[in-house]
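1. next comes the sequence, and after it the predicted model I'd like to discuss.
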There are 4 protein chains.
Amino acid sequence: MTENGLTKVASHTENDSYNKELVALAVQAKSRAYAPYSEFYVGAALEASSGKVYTGCNIENSSYPLSLCAERCAIAKAVSEGERHFRSIYIATDLEHEFAGPCGGCRQVLSEFGNFSVFLIKPDLSVRKHTVSELMPHAFTPKHLLMER
Amino acid sequence: MTENGLTKVASHTENDSYNKELVALAVQAKSRAYAPYSEFYVGAALEASSGKVYTGCNIENSSYPLSLCAERCAIAKAVSEGERHFRSIYIATDLEHEFAGPCGGCRQVLSEFGNFSVFLIKPDLSVRKHTVSELMPHAFTPKHLLMER
Amino acid sequence: MTENGLTKVASHTENDSYNKELVALAVQAKSRAYAPYSEFYVGAALEASSGKVYTGCNIENSSYPLSLCAERCAIAKAVSEGERHFRSIYIATDLEHEFAGPCGGCRQVLSEFGNFSVFLIKPDLSVRKHTVSELMPHAFTPKHLLMER
Amino acid sequence: MTENGLTKVASHTENDSYNKELVALAVQAKSRAYAPYSEFYVGAALEASSGKVYTGCNIENSSYPLSLCAERCAIAKAVSEGERHFRSIYIATDLEHEFAGPCGGCRQVLSEFGNFSVFLIKPDLSVRKHTVSELMPHAFTPKHLLMER
Ligand SMILES: [Zn+2]
Ligand SMILES: [Zn+2]
Ligand SMILES: [Zn+2]
Ligand SMILES: [Zn+2]
């Protein structure tokens, strides 16, 4: 446990560095979630290859299928500012006892833009590292859609 | 025709003021669209009640259902920055001969946040005004989901 | 009030015939809803031009954006059986005091397949008639996507 | 190569039996796809624990985000008929040179209903076996949404 409360989960992040500032930004973004239906609040901080960071939160809708996840919100912000390449995404939830991976919809949206690091964050600021590829084995990608048939 | 090329379509906007700067921002946002599959580029500029403006573009995905419209992209940016109330949204496409209304998914997302102006923009910068309520009569809203049953 | 409990809401359905059997099928379909998160149960009965009827219910997901509405469920069943043209859709909810229109996402999906009748049903089996076109003024349609730009 | 053209891809299905009838049903379902925009046709056959089989195809929309994948179409049909448990899903595309995994959105929808077999089918009727769990490691599931926070 470091002085500012950050800890590493050894089995996954032992040799993987993560950025405490991005952890803090993801947690902070969670506070802006519009989630009156699930009351499940999620925040994300997306680091583009440009070095810029885009934060996102989940935005629900009274018609559930029109809701948007925090991860996709962050991607929307970044892509609409011209970004197309990413280094990492940090995802914070209120789940205390388990690291929740991103939903499949978000995995699909992340993998549209290649492979990069995915850091999951618990309320105690412990962090677990994954990658987009690891979370989406045998992904359906732009290559497949455009492949000759 | 004004000096900067803006025109009004009389039947719809005669007494409705629109903001030329927001028209320009929506058109400009269109250039950032990630739409390799449809090549249908859309830009949006969303004016929050705070006075701040958030722009968005469409962001497609090789799995089409995971795509995001420009309007929802702009909403995502605004809501994730803490905005919950809006004055107007401006939507620009490349359709020269017709004003295309927003898709139903976007109408649902817009109406989650109440009623406000919707300005449609053609490439010649002509503008047509609608409102969220007009585009979503008998809307399904938060009130319905939370209503006693 | 008819003998089997069906009533008409005069202002909307006065001269509009609706099919009591389809009302019953929509209500019945509601009982199969998988809606553990919202507990908002919806059923739909979709009448194709072939004369066949396809029922649907809402199917939620722990990641809300991956949920599916009852109306789109019915469309999925019909289209996957080869149907492309429709006469009417009947939509039943548990809302007692108001007719809830379909969400915008469903309006978009219905309008992909043209214009037809939309009957909203309350638990007391009262019915209100709309049309897809009326619920989606200035719709974004296949024509727009394929239009020359 | 068996007499009816079915083959197994050794590395994945060596000890895994698959059902030739379900392979044929998935391929057949593909022919009903409504995919005028991508012209990427997908068929699915979903085997419920009841023993009944539900087929599905992709159903696109002029607003891409409102499209539906074949896998989710099959799930919609099954769930709306009362099914909640599944044995396997078979997915057929026109991709000749690669097995395309389901998109992330579909992985999320499949995993809502537990773990079961996922068979990918090429046009030459070769088959590769996966499982929902294998395709969605560290899945976000109902358990997480309902977990105490
Ligand atoms: Zn997600
Ligand atoms: Zn839209
Ligand atoms: Zn709907
Ligand atoms: Zn899919």
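-> Ah, there it is. Residues are numbered from 1 along each chain as shown, chains lettered A, B, ... in the order given. Ligands and ions are numbered 1, 2, ... in the order given.
2. run through who's touching the helix or strand residue A:76 falls within.
-> Assigned by DSSP states H and E, residue A:76 belongs to helix A:70-79. For helix A:70-79, contacts defined as CB atoms under 8 Å, 6 or more residues apart in numbering or on different chains pick out A:29-30, A:33, A:42-46, A:48, A:52, A:54-59, A:68, A:86, A:89, A:91, A:102, A:105-106, A:109-110, A:113, B:32, B:34, B:56-57, B:59, B:68, B:72-73, B:76-77, B:79-80, C:65. Using the backbone N, CA and C atoms, a C-beta is placed for each residue, glycine as well.
3. now the strands for chain A?
-> Here chain A has its strands, by DSSP state E, at A:7-8, A:43-48, A:53-57, A:86-92, A:117-121, A:126-131.
4. among these, which is nearest ligand 2?
-> Taking CB to the ion, strand A:53-57 is the member of the strands of chain A nearest to ligand 2, at 18.6 Å.
5. for chain A, give me the ranges with low pLDDT.
-> Along chain A, the model assigns pLDDT under 70 to residues A:1-16.
6. residue A:115: neighbour count?
-> 14 (other CB atoms under 10 Å in any protein chain shown).
7. who's in contact with the residue lying closest to it once chain neighbours are set aside?
-> Closest residue to residue A:115 apart from its sequence neighbours, by CB to CB, 6 or more residues apart in numbering or on different chains: residue A:133 at 4.5 Å. Listed by CB under 8 Å, 6+ apart, the contact partners of residue A:133 are A:111, A:115, A:139.
8. what would the residues you listed look like in a markdown table with distance to residue B:96?
-> Output for the contacts of residue A:133, formatted as a markdown table (distance: CB to CB, whole Å):
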| residue | distance to residue B:96 |
| --- | --- |
| A:111 | 35 |
| A:115 | 39 |
| A:139 | 37 |
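9. return the member of those nearest to residue C:144.
-> Nearest to residue C:144 among these: residue A:111, at 29.2 Å, using CB to CB.
10. and the closest one, how close does it get to chain D?
-> Applying CB to the nearest CB, to the nearest Å, the value for residue A:111 to chain D is 7 Å.
11. so that residue sits against residue A:132, correct?
-> Yes: counting by CB atoms under 8 Å, residue A:111 touches residue A:132, with 5.2 Å between them.
12. so the helix holding residue A:76 versus strand A:86-92, what angle?
-> Angle between the axes of helix A:70-79 and strand A:86-92 is 140 degrees (criterion: axes from the mean of the first three to the mean of the last three CA atoms, to 10 degrees).
13. and helix A:70-79 with ligand 2, contact?
-> No: applying CB under 5 Å from the ion, one finds helix A:70-79 separated from ligand 2 by no less than 12.6 Å.
14. that helix to strand B:53-57, inter-axis angle?
-> If you take the same axes, to 10 degrees, helix A:70-79 sits at 90 degrees to strand B:53-57.
15. closest point of chain A to ligand 4, which residue?
-> For chain A, CB to the ion, closest residue to ligand 4: residue A:140, 7.1 Å.
16. number of residues surrounding the closest residue in space to that residue that isn't next to it in sequence?
-> In space, and not counting its chain neighbours, residue A:140 is closest to residue D:103: 4.7 Å by CB to CB, 6+ apart. By other CB under 10 Å, 31 other residues sit near residue D:103.
17. residue contacts, the closest residue to ligand 2 within chain A?
-> Taking CB to the ion, ligand 2 has its nearest neighbour within chain A at residue A:66, 9.8 Å off. Residue A:66 makes contacts with B:105, B:108-109, B:112, C:65, C:103-105, as judged by CB under 8 Å, 6+ apart.
18. again, but for residue A:103
-> Contacts of residue A:103 by CB under 8 Å, 6+ apart are A:69, C:62-63, C:65-66, D:104, D:108, D:140.
19. recalculate using a threshold of 10 Å.
-> Counting by CB atoms under 10 Å, 6 or more residues apart in numbering or on different chains, residue A:103 makes contact with A:42, A:69, A:71-72, A:109, C:61-66, D:104-105, D:107-109, D:111, D:136, D:139-141, D:144-145.
20. which bits of chain A sit near chain C?
-> With CB under 10 Å from any CB of the partner chain as the criterion, chain A meets chain C at residues A:35, A:37-38, A:40, A:58-69, A:72, A:100, A:102-106.
21. give me the phi and psi for the one residue in chain A that gets nearest to ligand 3.
-> With CB to the ion, the shortest gap between chain A and ligand 3 falls at residue A:63, namely 5.1 Å. Reported as degrees, to the nearest 10, the phi and psi values for residue A:63 are phi -100, psi 100.
22. what does chain A put close to ligand 1?
-> So far as CB under 5 Å from the ion goes, chain A lies against ligand 1 at A:69, A:103, A:105-106.
23. compare these and tell me which is most surrounded.
-> Among these, the one with the most neighbours (other CB under 10 Å) is residue A:106, at 33 neighbours.
24. near ligand 4 too, which of the residues of chain A next to ligand 1?
-> Applying CB under 5 Å from the ion, the subset of these adjacent to ligand 4 is empty.
25. let's have the residues you listed in JSON lines, adding distance to residue B:123.
-> Listed next are these as JSON lines, based on distance: CB to CB, whole Å:
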{"residue": "A:69", "distance to residue B:123": "33"}
{"residue": "A:103", "distance to residue B:123": "37"}
{"residue": "A:105", "distance to residue B:123": "32"}
{"residue": "A:106", "distance to residue B:123": "34"}
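26. can you flag which of the residues you listed belong to helices?
-> Under the assignment DSSP state H, the residues of chain A next to ligand 1 contribute A:105-106 to helices.
27. and the contacts of residue A:66, which is closest to residue A:122?
-> Proximity to residue A:122 was ranked across the contacts of residue A:66 by CB to CB; first place goes to residue C:65, at 23.0 Å.
28. quick one: that closest one and residue A:38 touch, right?
-> No: using CB atoms under 10 Å, residue C:65 makes no contact with residue A:38, being 11.2 Å away.
29. give me the more crowded residue out of these two.
-> In this view residue C:65 and residue A:38 are compared by other CB under 10 Å, and residue C:65 has more residues nearby, 24 against 19.
30. which residues does the closest residue to the more buried one other than its chain neighbours contact?
-> Leaving aside its sequence neighbours, residue C:65 sits nearest to residue A:67 (CB to CB, 6+ apart; 4.7 Å). Contact analysis of residue A:67 by CB under 10 Å, 6+ apart lists A:34-35, A:37-38, A:58-61, A:105, B:109, B:112, C:63-67.
31. kind regards, and thank you for your time.
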